[in-house]
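**Student:** A predicted structure for the sequence below; I have some questions about it.
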Amino acid sequence: MPENELMMMTPNEWKDWIIGGQDKYLDQKELMIQVAQANGLVQANKSLKRMTRDIERQRYEIRNPGSYERIKRAELEHEKRRRELFKSGTKRWLEQQKQKGE
């Protein structure tokens with residue numbers, strides 16, 4: 001931040017700026033703790049899938065509350081349709097093979 005902008009800040013802006021810097025420092029410390037926890041989980045042969053799923057959910061929820069469940073439901077329906085198509089295609093193929101064999 002340029003020096004002239006610093007000098008023109010109000011006391012409340014200074015306070016917010018200082019608090020923001022302290023929050024950033026605490027966020028960095030918290031990140032180090034989370035990295036250590038993740039490292040411990042990996043070394044104990046445990047999955048980080050739950051942590052990554054929680055992070056993904058929170059990212060969706062920040063932008064659009066309730067969107068995570070809607071998106072996951074749509075993905076589930078898409079996968080169900082793909083499985084049904086695959087099953088019907090496999091069934092047709094097996095019937096064709098059966099007819100060729102007769």
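**Tutor:** Arrived safely. Residues are numbered from 1 along each chain as shown.

**Student:** Contacts for stretch 59-77 next, please.
**Tutor:** Under the contact criterion Cβ atoms under 8 Å, 6 or more residues apart in numbering, stretch 59-77 has outside partners 56-57. To be clear about C-beta, it is placed using only N, CA and C from the backbone, and glycine gets the same treatment.

**Student:** and the end-to-end length of it?
**Tutor:** Distance between the boundary residues of stretch 59-77 (Cα to Cα, to the nearest Å) amounts to 22 Å.

**Student:** List the buried residues of it.
**Tutor:** For stretch 59-77, burial by neighbour count (16 or more other Cβ atoms under 10 Å) applies to 60, 68.

**Student:** Then stretch 45-64?
**Tutor:** Neighbour-count burial for stretch 45-64, counted by 16+ other Cβ under 10 Å, picks out Tyr60.

**Student:** Would you map the helices across the protein?
**Tutor:** Counting by DSSP state H, one finds helices in the chain at the ranges 3-7, 11-43, 49-63, 67-101.

**Student:** OK, contacts around the residue nearest in space to the middle of the chain?
**Tutor:** Of all residues in the chain, the one closest to the mean position by Cα atoms, centre = their mean is Glu56, 1.6 Å from it. With contacts defined as Cβ under 8 Å, 6+ apart, the neighbours of Glu56 are Tyr68.

**Student:** can the helices of the chain go into a markdown table with extra columns for mean pLDDT?
**Tutor:** Compiled in a markdown table, the helices of the chain are given as follows (pLDDT from 0 to 100):
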| stretch | mean pLDDT |
| --- | --- |
| helix 3-7 | 77 |
| helix 11-43 | 85 |
| helix 49-63 | 77 |
| helix 67-101 | 89 |
